[in-house]
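Q: Structure of the sequence below:
(chains A and B)
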Amino acid sequence: MIREIVAALSSLAALVALESGTGVALELLKHKWAQHPELLAILPALMDFRGNVALAHSSRATTAQHLGDDRAMVDSTVATMIACLIVPPFIAFAVHEMYGGNLEELAAVAVLTMLAVASVVTPFTVAVVKASVRLGLDPDHVAPALTTSLSDILTVVFTFLIAGVIIS
Amino acid sequence: MRLPFDTRNVLRILRSVLVVSILMAVLSSYSGSYLATYEKKLENTPGLAALLPVMMAAIGAAASAYGSRLSTDLHLGRPSVIRALKDASAQFLALIIVLGAYAEVISLVFASGKPGLVVLALKTTSCAYAVAAGLATASVVGAVKAGVNPDDVVGPLVTTVTDAVTIILSLLFAP
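A: Sure thing, here's the model as predicted:
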């Protein structure tokens, strides 16, 4: 039990340390929400999707690692990248229907943000799973926290960066 | 007994991931809607915007880690109620310690050390994790019974619902 608590503590502490960047960025970007409410509207959906995909990939990767099946891990990585191309337009459409805003701009922000984040986080997940095993840690405890926190930070940063260029 | 799922094949993975992801993305737009409705409360409560995404991520990750362990145990053919309870409890204790400490720091930085933010974090975390862990258990068992690989379902479902519950509870508990 102590070992489980220590493992969970270490991964959650790392997650909170990483996620604090997301939180502080959001706290400091409060005034931008007022100017572009569609960004506040789309951000939870983008973060949720990216986190979901990262978690599913992480969960499949750890299972593949436990089963010793590298082919399954590669297939999961490819599927994750393709999902990040297909789903963002649906998110932009849902947000456009609920909050308005320019659909083309929202779709461009969503697709480019998710592609940028996926290109970093997807290979990172595989690396974390492999590194956890080498370090004698259970990847089920380590990978979900690290991959979702990195996804969240990058999603916030890339959303505002890309929106700053695209949204007039 | 191992679970009878083919863990390979890009198209099979995409089929289950896309359906779940699109559904969850649409659902999470409602969380954004709720957040937008209470934008003023979020803007006027110092530190809440810094606390909220961290709570959402940590609670979702803790419940997902528990669900992922449960899923792996089922894949390996060694399910155990005792192990599941230990995993869930370990994640909860770690969550309370880490988020309590983070809320204290945020309170000092953004809210002049007022204790309200820590109390809000602990209340929200306890309630949201109870929902998330229960959902993780139910979704793993439900996915197996429905013939779906729990690895594809548990994370998305748990994090989406956890995000919504955390947003709603924290805004309800906020002064």
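Q: Next, count neighbours for the closest residue to residue B:9 other than its chain neighbours.
A: Nearest residue to residue B:9 in three dimensions, chain neighbours excluded: residue A:75, at 6.1 Å (C-beta to C-beta, 6 or more residues apart in numbering or on different chains). Where you see a C-beta, it was placed from the backbone N, CA and C, and this is true even at glycine. Neighbourhood size, residue A:75 [other C-beta atoms under 10 Å in any protein chain shown]: 22.
Q: Residue A:70 now?
A: Neighbours of residue A:70 under the rule other C-beta under 10 Å: 12.
Q: Now do the contacts for it.
A: Residues in contact with residue A:70 (C-beta atoms under 8 Å, 6 or more residues apart in numbering or on different chains) are residue A:64.
Q: Tell me how far it lies from residue B:109.
A: Distance check for residue A:70 against residue B:109: by C-beta to C-beta, to the nearest Å, it reads 45 Å.
Q: Quick check: the residue nearest to residue B:9 touching residue B:17?
A: No - with contact defined as C-beta atoms under 8 Å, residue A:75 does not count as touching residue B:17 (11.4 Å).
Q: Spatially central residue in chain A, please.
A: residue A:151 (2.7 Å; C-alpha atoms, centre = their mean).
Q: residue in chain B nearest to chain A?
A: Closest to chain A within chain B is residue B:155: 3.0 Å, counting by C-beta to the nearest C-beta.
Q: Excluding covalently adjacent residues, which one is nearest to residue 80?
A: Going with chain A. Distances taken as C-beta to C-beta, 6+ apart place residue A:57 nearest to residue A:80, at 4.4 Å, with adjacent residues excluded.
Q: could you do chain B instead?
A: residue B:73 (6.7 Å).
Q: What helix or strand is the one you found located in?
A: Assigning secondary structure by DSSP states H and E places residue B:73 in helix B:48-75.
Q: Show me which residues of the helix or strand that that helix is followed by are buried.
A: Later in the chain than helix B:48-75, the nearest helix or strand by DSSP H and E is helix B:81-110. Residues B:84, B:86-96, B:98-99, B:102-103, B:106-107, B:110 are the ones in helix B:81-110 that count as buried (16 or more other C-beta atoms under 10 Å in any protein chain shown).
Q: Would you confirm that residue A:87 contacts residue A:49?
A: Yes - the criterion here is C-beta under 8 Å, and residue A:87 meets it with residue A:49 at 5.8 Å.
Q: Can you pull the residues that touch both of these two?
A: Shared contacts of residue A:87 and residue A:49, defined by C-beta under 8 Å, 6+ apart, are found at A:114, B:21, B:25.
Q: and the residues you listed, which are buried?
A: The buried subset of the shared contacts of residue A:87 and residue A:49 (16+ other C-beta under 10 Å) comprises A:114, B:21, B:25.
Q: Rebuild those residues as a markdown table, extending it with distance to residue A:133, pLDDT and secondary structure.
A: Listed next are these as a markdown table, based on distance: C-beta to C-beta, whole Å; pLDDT from 0 to 100; DSSP: H, G, I helix; E, B strand; the rest coil:
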| residue | distance to residue A:133 | pLDDT | secondary structure |
| --- | --- | --- | --- |
| A:114 | 28 | 93 | helix |
| B:21 | 27 | 77 | helix |
| B:25 | 32 | 78 | helix |
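Q: Dump those residues into TSV; add distance to residue B:35 as well.
A: Listed next are those as TSV, based on distance: C-beta to C-beta, whole Å:
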residue	distance to residue B:35
A:114	20
B:21	20
B:25	15
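Q: Can you tell me which of these is nearest residue B:139?
A: residue B:21 (15.0 Å; C-beta to C-beta).
Q: If we ignore the residues flanking it in sequence, what's nearest the closest one?
A: Leaving aside its sequence neighbours, residue B:21 sits nearest to residue A:87 (C-beta to C-beta, 6+ apart; 5.1 Å).
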